[in-house]
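Visitor: 3D, please:
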Amino acid sequence: MYVMHNSEYPLSCFALFENGPWLIADTNFDVLMVKLKGFFQSAKASKIETRGTRYQYCDFLVKVGTVTMGPSARGISVEVEYGPCVVASDCWSLLLEFLQSFLGSHTPGAPAAFGNRHDAIYGPADTMIQYMELFNKIRKQQQVPVAGIR
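Guide: Residues are numbered from 1 along each chain as shown. As a prediction, this is how the structure comes out:
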């Protein structure tokens, strides 16, 4: 289970299971998890976060952040939201075109989170699921050894 927070929803705490259910609770959920530490063991050194800047361009909200794991930067995240649309599949082509305007050939495909909820209303938990997928990819990246120069 992953317990996550989002600065866009400061009074909420998101509990997510990989490929499974999710829960949105208030911020006291963290306190409950501490009290249940006899049943749940937290992973050591697993804190990963993204911090960055939020931009608004017309109806688009763009958040660009640096993903850090411990003291080191591990990647960059780009989140794009189109305000007037609540069903992501209805505006995916518009989002893709917008992303291509500044990411070019690095534009990603449709997120895996869209696969099983193609026509569903998009909510905060969907964003958190995508962050969980991104963080898991970053955690699994192998550290590239640095070649010594003689």
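Visitor: where along the protein do the strands fall?
Guide: In the chain, the segments counted as strands under DSSP state E are 2-6, 9-16, 22-26, 48-57, 60-69, 72-82.
Visitor: now those strands in TSV, with mean neighbour count?
Guide: Placement of C-beta: from N, CA and C, glycine included. Formatted as TSV, the strands of the chain follow (neighbours: other C-beta atoms under 10 Å):
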stretch	mean neighbour count
strand 2-6	16
strand 9-16	16
strand 22-26	14
strand 48-57	13
strand 60-69	16
strand 72-82	15
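Visitor: make a markdown table out of those and add distance to residue 96 and mean pLDDT.
Guide: Output for those, formatted as a markdown table (distance: least, C-beta to C-beta, whole Å; pLDDT from 0 to 100):
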| stretch | distance to residue 96 | mean pLDDT |
| --- | --- | --- |
| strand 2-6 | 23 | 89 |
| strand 9-16 | 25 | 91 |
| strand 22-26 | 25 | 90 |
| strand 48-57 | 16 | 94 |
| strand 60-69 | 12 | 94 |
| strand 72-82 | 10 | 91 |
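Visitor: indicate which one of these is closest to residue 109.
Guide: Nearest to residue 109 among these is strand 72-82; the distance by C-beta to C-beta comes to 13.9 Å.
Visitor: contact partners of the closest one?
Guide: 48, 50, 52, 59-68, 91, 94-95, 98-99, 103, 127, 130-131, 134, 138, 141 (C-beta atoms under 8 Å, 6 or more residues apart in numbering).
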